[in-house]
Every structure is written in structure tokens, then in C-alpha cells.
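turn this into a structure:
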Amino acid sequence: NKKMTMENLFKGIPSSVGIGTSAPSGLLHISGNTCQMHFTDEDDSSSSRIYLSGSTFAIDADHGNSKAGTVLAFRTDDAERMRIDSSGNVGIAEDNPEAPLHVGASDSWIDIGAQSGNRTKIGFDSNKSYFANSSSSGQFIWTVSNTRSASPWSSGTERMRIDGSGRLLVGTSSALDTAAGRQLQVSDANGAFLVLGRNDTTVGDGPNLGGVHFYGNDTTNNDFTKLGAIDCSSDGVHGPGDNPTKLTFSTTADGASSTTERMRIDSSGRVGIGVAPSTFDGNGDNLVISSSGATGITIDATSSTNSSIHFADGPTGNEAYRGYLVYSHGSDAMLFATSATEQMRIDSSGRVGIGTSNPGGYNGSADELVIANSDNCGLTIKSTSTSSSSIHFADAESTGSASYAGFIAYTHSSDYMFFGTGANERMRIDSSGRL
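Okay, here's the model as predicted:
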């Protein structure tokens, strides 16, 4: 009844042993239709086997499924290195795998690639996940619709990649712009859009819906600081079918370290530069420009073209320019129009023409103001019934008599006209026409 050990069984046999074969090719050679080695634990009658059947070579732990929680463990140097548990989960340096592949240890990683070549690395350390490429020009590529039996690089549609320069490319496999700093690039056949949203069903007046902020760290203590921003926020309390919004644009002034709003487009489409446009008169608040000092607007054109402001009441024909202010850079003249027709011009010499586009075409001694009409033509000076209407002829910029060396005046309270030279009245026509 003495149990035979493998050592006792083969003691003294110097050559290979064959079971089912007379020509063993190894120390132990088993041959048959289905070759199996069975291992039975007599304490609980559980058994496992190693077998070869056709093209299948298997290690079958607890092949009778008589015990729960069976594991297949792999050990070296008297320490477990890998196991397959009863759920089929594989643990590497982990004796309780919780996933189909679970690599244990606090600083574990997986290498994919040839021993002598560049490799991809997937790792975890100190609550940080790493995806690495050992090549200095390596890229990370995400694809979809891959063929099941094909490699991920030989089939499928690419959706995104991080190239060797750290650029995130979405919808394109090559950078659209290779200049420095172009780190996010998106392309699509229907046009590329960046979509930002606020997940909130109770939006009040003022909360942000999204924005793009610009930071720099050439600041105090070299801390990253917001230096510019484009924000979209609610412009009133939101409700079903009523969602007013506004866009604001902010920059940081010279000598400052925080942003200031510079422009906004409110929910009514009004534009305010330096101010909220809704605070001004409703007849002129579509574009409001404000500042704490001198304020202006510049229209820049080439030296041979025009700079214009048009007043339109429609989009077609002369509806688009029923009134206009035009500066002609070629002739250095300012034009004023009503009814889509020029009515007044100030030419490059400062001469004013009303009803004529060429005030310089008249006598040079009296062409500073020219009034012309194809029919009757006149000039009216209106004042109150108790005051005077006057035309003064001055020969100096003065508050004294030089500012009225000659004059023509009409006194409305007495209804008489008088004429002066040398700053003195020389002639009068009274209300009865007497001279």
C-alpha cells in the first residue's frame, strides 16, 4: 500500500519515458487520441487536468466544477505572480482581481511593443493615470467602427488624436495650423463648432452659461491669472420659451491685473462698448460707445476710396442709403445727403456748398458758403420776436468791435433793418420803409 512517487517510479531509468508511445521525445511523453494528466485532491475529491485534444491544449482547474472559487495560480521564486480566478478575471500581482485584467501594485503599468522598439505604456501611480509613448514623436489615436478581427490601426474611422507636438486634433489626422500654441484643432465637413452648456433648469438673471477665458502667468508671483474672457450669461430669468442671453467681452487694461468688460451684446441685440447699452435712450441705443474720457469712433479706408455712414430704410436700391455721411478721401471732401441725394458738401478748402457739389467754382472772394438751387434760392435767419437777426463781417477773432466791423441786422421788436460799417450803424430802414 505504499504510495509510489515519481522519483521512485522513475528511479534508475536513465532515458525518456513514453506513455502510449514507444518513441518518447522527452523525459515524459504522453501520446493518445486525447492526452490527459489528471490531478485529484483526495481530501475533497476535486480534480484538475492538463490535456491536449486536437489543436486545443488546456489547463483545466477543477474540471468537474465540484468546488467554488477555484483559481489557477502561477508562481516563481516561491511567490505568486499571476492568477485566473473562478470568474475568469486575470490578476497580475493581484490575488483578488476585480476586472477581466487587473494589474496590481500601487505603481503598476503595462508595456505594449517590442522589447527593442518604441512602446506604449499604460500606468497608474499615486492616483494618477498615465498613457505614454516612448517615442518623442509618438501619437495617441482614437478610432471607431473597427473591424473586430483587424488591428486598431488597419481599420476603423479616426475621431481624435494627440500628435507628437501635443496638439489635440479632432476630426483631422494632421494639424490645420502648425504654428506654436495651436493646441486644439477641430475639423468637420459641416463646419466645426465648439459647444458649451450649463446643466441647470432654474437659471436666474445673470448666471454664466459658458465662456472662453484666457490666462497668463507673467504676473505677480507668476500665478496664472485670467487676463481676457468671452462669456455668455443670462440676461433675465429663464423660463419655457423665454431664455434671454447676453455676450460680454473683457480685457485687462495697461497697468492692471484683472479683466474689465469692454463690450456687450445684450438680449435685444444692442451693442455697448464700454457701457451697458440699455441705459441710454431707446431711439439711439443699438450701438453705444462710452468711456471715462474723450470718446470716438474711427472709420479707416484707403486714400482713393470713401468712408461712409448710411441711414437706410430698406435693403435694396437707394433704400440702403436714403441718408448718408461720406468722406471722400480722394478729394478730401465731406458729403451730406438726404433722400439719397447729396445736399451739402464741405470741400478740402473748408468751403461749404449747399445744393452744389463745387463751391470752389464761384468767385473766390465769396465762396466760403455757396447756396445753390435750380429754382428760387434763399437763406433764412430766425430769432425771437423780441431779439435781432444779424450777419456780421469781422476782421479779427475778438469780442470787441473787430468781430462786427460791418453788419446787417434786423430788430424784430421794432421791425427795422440797419446796416453798419466801421462797427457803427450807417443806415436804417424802419418798419414804414423809410430810409
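
mind listing what's buried in the helix or strand containing G210?
Here G210, judged by DSSP states H and E, is contained in strand 208-216. By 16 or more other Cβ atoms under 10 Å, the buried positions in strand 208-216 come out as L209. For every residue, glycine as well, the C-beta is placed using N, CA and C.

contacts for it, please.
Taking contacts as Cβ atoms under 8 Å, 6 or more residues apart in numbering, the residues outside strand 208-216 that touch it are 196-198, 203, 224-234, 245.

mind doing that once more with 10 Å?
Strand 208-216 has contacts (Cβ atoms under 10 Å, 6 or more residues apart in numbering) with 194-198, 200, 203, 222-234, 238, 243, 245-248, 250-252, 259.

strands paired with the very next helix or strand once past that strand, and their directions?
Note on strand 208-216: by DSSP H and E, the next helix or strand toward the C-terminus is strand 225-234. Paired strands of strand 225-234, with direction, are strand 208-216 (antiparallel), strand 245-252 (antiparallel) (DSSP bridges).

and the ones you listed as TSV, adding mean pLDDT?
Shown next, in TSV, are the strands paired with strand 225-234 (pLDDT from 0 to 100):
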stretch	mean pLDDT
strand 208-216	97
strand 245-252	98
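
can I get those strands in TSV with distance to H38?
Below are those laid out as TSV (distance: least, Cβ to Cβ, whole Å):
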stretch	distance to H38
strand 208-216	67
strand 245-252	75
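
nearest to S87, out of those?
Set against S87 and scored by Cβ to Cβ, the strands paired with strand 225-234 come closest in strand 208-216, at 44.1 Å.

tell me which residues in stretch 94-101 are buried?
Per 16+ other Cβ under 10 Å, stretch 94-101 contains these buried residues: E94, P97.

correction: stretch 117-136
For stretch 117-136, the buried set under the neighbour-count rule, 16+ other Cβ under 10 Å, comprises R119, N133.

and the helices in this protein?
According to DSSP state H, the chain carries its helices in the segments 6-10.

so where's it uncertain?
Scanning the chain with the threshold set as pLDDT under 70 gives 1-14.

my guess is L435 meets R428, correct?
Yes - if you go by Cβ atoms under 10 Å, L435 and R428 touch, sitting 7.5 Å apart.

of the two, give the one with the bigger neighbour count.
Neighbours per residue, other Cβ atoms under 10 Å: of L435 and R428, the larger number sits with R428, 15 against 6.

quick check: bridge partners of the more buried one?
Counting by DSSP bridges, R428 forms beta bridges with F418.

state the distance from it to G420.
10 Å (Cβ to Cβ, to the nearest Å).

name all residues that sit in contact with those two at the same time.
A409.

what about stretch 315-334, how long is it end to end?
24 Å (Cα to Cα, to the nearest Å).

contacts for that stretch?
Under Cβ under 10 Å, 6+ apart, the answer for stretch 315-334 is 299-314, 335-349, 351-353, 357-359.

tell me how far it lies from the chain's centre.
36 Å (Cα atoms, centre = their mean, to the nearest Å).

list the buried ones in that stretch?
Neighbour-count burial for stretch 315-334, counted by 16+ other Cβ under 10 Å, picks out Y321, R322, G323, Y324, V326, Y327, S328, A333, M334.

among these, name the ones in strands.
G323, Y324, V326, Y327, S328, A333, M334 (DSSP state E).

one step back: now list the buried members of the contacts of strand 208-216.
The neighbour-count test (16+ other Cβ under 10 Å) marks 203, 225, 227, 229, 231-234, 238, 246-248, 250, 252, 259 as buried among those.

what's the closest of those residues to A73?
T225 (56.1 Å).

measure the closest one to L176 for me?
If you measure T225 against L176 using Cβ to Cβ, the figure is 29 Å.

and for D200?
Relative to L176, and taking Cβ to Cβ, D200 is found at 34 Å.

and for L168?
12 Å.

again, but for D313
In terms of Cβ to Cβ, D313 sits 43 Å off from L176.
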